[in-house]
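Trainee: give the three-dimensional model of this entry:
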Amino acid sequence: SARDLAGTFRAVDVNLKSTRYQQFNLNLEKEFAGNVVTAGYVANIGDFVSSGNNQNLNLAPIGPGGVQARRIFGPTLPRLNTINYYTTRHESSYHALQLIFQRRFREGLAVTTHYTRSVAKSSGPQPWAVIDPVTFEFTEEWSYSANDVPHAWVAQVNYALPFGRNLTGVGSVIGGWQVNVSAFWQSGRPWSVSNSTERANTGGSDRPNMVGDPILPKGERTVQRWFNTAAFQAQPQFTLGDAPTTVGW
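Mentor: Numbering: from 1, shown residues only. The predicted structure follows:
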């Protein structure tokens, strides 16, 4: 019978929609002495976005007691653990300032460099959010996207070596050489912290309290301790921690 259903099932939102992205950009350019400087604004706004982690429709409310019996569908489907809910109710946003300098090839030298300062955020369900079984409404939160890179800088230099340009015959072997240099630097992506053992007792996952600055000074970072582990502390039992979804730089 239906009451014997057990394990994990997947549900799909009946109002599922195709993801939509709206892109905008505005650039201002100025040329001087054969060089071009560009300042631009770039944006990408998304709606009807799916979440990377499907929300479980069958969580238990926060609190003490056995999880299975307290699950939302526990009274009617007592053996069912998880209903992964796929929906496109989420949103995303990307805003960036782009600065570009270009020196066109002149007197043997060409330079192109650009810097981007950006913020990428997205919304999604809280991992412990209990969804209303009738309306399927749930609590969302905004956070830095997993692919958010706030700072990025690229430089490319091309230099034609001046010696041997006019040589002919065998001597031409030492002429016509170029040196190309490329450099790339970017800041790290955000990361998240969760409890290894859930304390809210919902059957899902939760996050600890953030009690300090998780970013270590550069001089203190090591491979074994890249961020401040003391900045996170397990919250009291049957409560939620206040650490954000992702920690940005």
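
Trainee: helices of this structure, start to end?
Mentor: Per DSSP state H, the chain carries helices over the ranges 67-70.

Trainee: so which residue is smack in the middle of it?
Mentor: residue 146 (1.9 Å; Cα atoms, centre = their mean).

Trainee: for this structure, give me the ranges with low pLDDT.
Mentor: The model of the chain has pLDDT under 70 over residues 1-3, 52-53, 133, 136, 164-173, 248-249.

Trainee: can you do 50?
Mentor: Of all residues in the chain, none has pLDDT under 50.

Trainee: all the strands of it, residue numbers only.
Mentor: With DSSP state E as the criterion, the chain has strands at 7-12, 20-32, 35-49, 55-56, 80-86, 90-106, 109-125, 140-144, 151-160, 178-186, 209-210, 232-233.

Trainee: nearest to residue 245, of these?
Mentor: strand 140-144 (3.4 Å; Cβ to Cβ). All C-beta spots, glycine's among them, are computed from the backbone N, C-alpha and C.

Trainee: and residue 237, how far is that from residue 130?
Mentor: 18 Å (Cβ to Cβ, to the nearest Å).

Trainee: neighbour-wise, which of these two wins?
Mentor: Per other Cβ atoms under 10 Å, whichever of residue 237 and residue 130 has more neighbours is residue 130, with 22 against 10.

Trainee: list the contacts for that one?
Mentor: Going by Cβ atoms under 8 Å, 6 or more residues apart in numbering, residue 130 touches 59-61, 72, 138, 202.

Trainee: could you check how far the nearest residue to residue 152 once chain neighbours are set aside is from residue 148?
Mentor: With sequence-adjacent residues excluded and distances taken as Cβ to Cβ, 6 or more residues apart in numbering, residue 152 is closest to residue 186, at 4.1 Å. Look at residue 186 and residue 148: by Cβ to Cβ, they are 11 Å apart.

Trainee: neighbour count: the two, which is higher?
Mentor: residue 148 (20 against 12).

Trainee: so who does the more buried one touch?
Mentor: With Cβ under 8 Å, 6+ apart, residue 148 has these contacts: 118-121, 189-190, 246, 248.

Trainee: tabulate the residues you listed in a markdown table, adding columns for neighbour count and distance to residue 161.
Mentor: As requested, the contacts of residue 148 are exported to a markdown table (neighbours: other Cβ atoms under 10 Å; distance: Cβ to Cβ, whole Å):
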| residue | neighbour count | distance to residue 161 |
| --- | --- | --- |
| 118 | 17 | 37 |
| 119 | 15 | 42 |
| 120 | 20 | 41 |
| 121 | 18 | 47 |
| 189 | 16 | 39 |
| 190 | 21 | 43 |
| 246 | 17 | 47 |
| 248 | 19 | 44 |
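
Trainee: just the buried ones from the contacts of residue 130?
Mentor: 59-60, 72, 138, 202 (16 or more other Cβ atoms under 10 Å).

Trainee: of those, closest to residue 176?
Mentor: Nearest member of the buried ones among the contacts of residue 130 to residue 176, counting by Cβ to Cβ, is residue 138, at 65.1 Å.

Trainee: which ones are touching that closest one?
Mentor: Contacts of residue 138 by Cβ under 8 Å, 6+ apart are 55, 125-126, 129-132.
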